[in-house]
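Novice: whatever this is, show me its structure:
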Amino acid sequence: MLRTFDALVLRPTLLPDGGAVVSFLTELGERVTGLAKGAKKPSAKWVAAFEPLGSVRVTFFGKEQADLRRVTRCELAFSPITLGHLESSLVIACLADLFDRVAKEGMEDERLYRLLSACGRALKRDPDNALGILAYAEHWLLHCIGLLPHPRVCGRCGNEDAPLVLLDERGWACAACTPVDPSEALPKGTREHLKRLRSASGEAIPGIDPGDEAQAAVTALLRNRLMMELGGSPKSYEVLFRTL
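Specialist: Prediction:
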């Protein structure tokens, strides 16, 4: 059976014989893995098609429920890579690893495809905002997997105006109902930054402001929550923060 999808490349794994096992995020939001024989031979017709986050038109051959199908065609339509931009390249690797872990075989969630596609195009358009794009993706990934409550109201008392001071299993908690040591509370402006993240489109992803304490605190909090859900940080994250 042949099936063709628009997809985003996640992670290629090279094989000793010059082939590659490549994971993709299809337009339906499903993770699909394919075997591309001879992928890294200079004469291969798809030699440049398997870079992470590349947008491709890919055809698979194999049974519907097969764990590994054969890639028979892969045409590159768009690449987010900006040559010579180290930070952007490192973030591309992080995003590919994140979505490779979150997306599942046999489970469709079109939001994942839309989110990763938007991040790839944002990286191409504004590679200098790579870290802001990564934080944006982490925020929406948590939302997609059901681990990020809406910041509009306090999860304990329903207050919509008081500053948010922490996030726990019941959701966001505000200063009006939750006594917290000031040194341990989330900084002023947390609610406002979360609203900016939720309302921002892929064309206007907030940039990183080194002086914004609320942004730094939210980014660290959500990243830690996501890494706990995934069982630890991917190696690409270690490389990113060791390099920058």
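Novice: give the next helix or strand downstream of the longest strand seen in the chain.
Specialist: Counting residues, the longest strand found in the chain (DSSP state E) is strand 2-14. Counting by DSSP states H and E, the next helix or strand C-terminal to strand 2-14 is strand 20-26.
Novice: direction included, what does that following strand pair against?
Specialist: The pairing partners recorded for strand 20-26 under DSSP bridges are strand 2-14 (antiparallel), strand 31-36 (antiparallel).
Novice: only C-alpha atoms, please: export it in CSV.
Specialist: Output of strand 20-26 as CSV, limited to C-alpha atoms (Å, rounded to 0.1, in the frame of the first residue of the first chain):
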residue,chain,number,x,y,z
ALA,A,20,18.5,5.9,7.2
VAL,A,21,15.5,5.3,9.5
VAL,A,22,13.6,8.6,9.5
SER,A,23,10.8,9.7,11.8
PHE,A,24,8.2,12.2,10.4
LEU,A,25,5.3,14.2,11.8
THR,A,26,2.5,13.9,9.2
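Novice: list the buried residues of that strand.
Specialist: For strand 20-26, burial by neighbour count (16 or more other C-beta atoms under 10 Å) applies to 20-26. For every residue, glycine as well, the C-beta is placed using N, CA and C.
Novice: stretch 219-236 now?
Specialist: Those would be 219, 222-223, 226, 233-234, 236, for stretch 219-236 by 16+ other C-beta under 10 Å.
Novice: quick one: it to chain centroid distance?
Specialist: 11 Å (C-alpha atoms, centre = their mean, to the nearest Å).
Novice: likewise for stretch 59-74?
Specialist: What separates the centre of stretch 59-74 from the centre of its chain is 24 Å, taken as C-alpha atoms, centre = their mean.
Novice: how long is that stretch end to end?
Specialist: One end of stretch 59-74 to the other measures 6 Å (C-alpha to C-alpha, to the nearest Å).
Novice: and stretch 203-212, by the same measure?
Specialist: End-to-end for stretch 203-212, by C-alpha to C-alpha: 21 Å.
Novice: and for stretch 147-167?
Specialist: 11 Å.
Novice: before we move on, what about stretch 93-110?
Specialist: Counting by C-alpha to C-alpha, you get 21 Å between the two ends of stretch 93-110.
Novice: stretch 204-218 too?
Specialist: Taking C-alpha to C-alpha, the first and last residues of stretch 204-218 lie 18 Å apart.
Novice: tell me where the model's unsure across this protein.
Specialist: Residue ranges of the chain with pLDDT under 70: 39-48, 64-65.
Novice: for it, just list every one of the strands.
Specialist: 2-14, 20-26, 31-36, 55-61, 69-78, 164-168, 171-174.
Novice: which residues does the longest one contact?
Specialist: Right, strand 2-14. Strand 2-14 has contacts (C-beta atoms under 8 Å, 6 or more residues apart in numbering) with 20-28, 31-32, 36, 39-40, 49-61, 72-73, 77, 96-97, 99-100, 103, 113, 116-117, 120.
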